[in-house]
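Student: what would the 3D arrangement of this be:
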Amino acid sequence: MATHHYQPFELKITPQPEPDTHVGMRFTPLALMRLGFNLYVEVSTASVFRKPPMSLPLSTITVLAHFDTGASVTSIDIGLAQYLSLIATGQSTSNTASGPQEMPNFAIDIGFPNTMLAPFQNLSIGSCRLGFDLANNLNPEKPQNMGILIGRDIMSRWNVIWNGPTSTVIVSD
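Tutor: Numbers count the residues shown, from 1 in each chain. Got it, this is the predicted structure:
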C-alpha cells in the first residue's frame, strides 16, 4: 500500500470566508525541496533482545525519519540510541560529510505509523550524530529534528515515487 507525504500548513484568510466557500490553492515543490522527504517512524528495542535469555523491556518512541539516498544503511542518532538503551551489536565506519567515523551498530524494530508499510524486525542499523533533540521531538516548529536516517537498505525494498512538481512522495512495499 502507499503512504503519501503532505507537509502540514496553516491557512489564514482574512476576513473568514462564508461557510461552503470553495478556496483554490496552488502548491509549489518548495516543501519537499526545502526539507526532503520525512516520515514518522516508531523505533523499538529489537524483538530478539526482548526474548529469553535477555528479556529486555520494550523501549519505544515515535520520531521523524529522513530519507537519505546517500546512506547505504539506516542509522539512528547516537543520543536517541542511548535514550532507548539499545545494545551495541558491533561497530562500523560511517562516511560522513566531516569524514569517516567509527560508530556503534544496533538492532531495532521499526514501524511506520499511519501507513500500511510492513515493519522491520531485528533490523541491523548504524548510528551517527544527527543532533536529535528529545525535548523537541515531533515539534512542528523543528521540522529538521530527525532521529533516524532511512538508508538504501530500507528504500531498496520499497517502490518510491518522488513527484517534485506536486511536492508529494508515494511509498509502497
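Student: show me how far the lengthiest strand in the chain is from its chain's centre.
Tutor: Criterion DSSP state E: the longest strand present in the chain is strand 99-111. Computed by C-alpha atoms, centre = their mean, to the nearest Å, the chain-centroid distance of strand 99-111 equals 14 Å.
Student: may I see the buried residues of that strand?
Tutor: Of the residues in strand 99-111, 103, 104, 105, 106, 107, 108, 109, 110, 111 count as buried by neighbour count, 16 or more other C-beta atoms under 10 Å. C-beta coordinates here come from the backbone N, C-alpha and C atoms, glycine included.
Student: what does that strand contact?
Tutor: For strand 99-111, the external contacting residues (C-beta atoms under 8 Å, 6 or more residues apart in numbering) are 41-49, 74-76, 78, 81, 86-94, 119-129, 148, 154.
Student: could you list which of these belong to helices?
Tutor: Among the contacts of strand 99-111, the residues falling in helices (DSSP state H) are 78, 81, 154.
Student: what's across from the residue most central in space within the chain in the sheet?
Tutor: The geometric centre of the chain, computed from its C-alpha atoms, lies nearest to residue 65 (C-alpha atoms, centre = their mean), at 1.4 Å. Beta bridges link residue 65 to residue 39, residue 148, judged by DSSP bridges.
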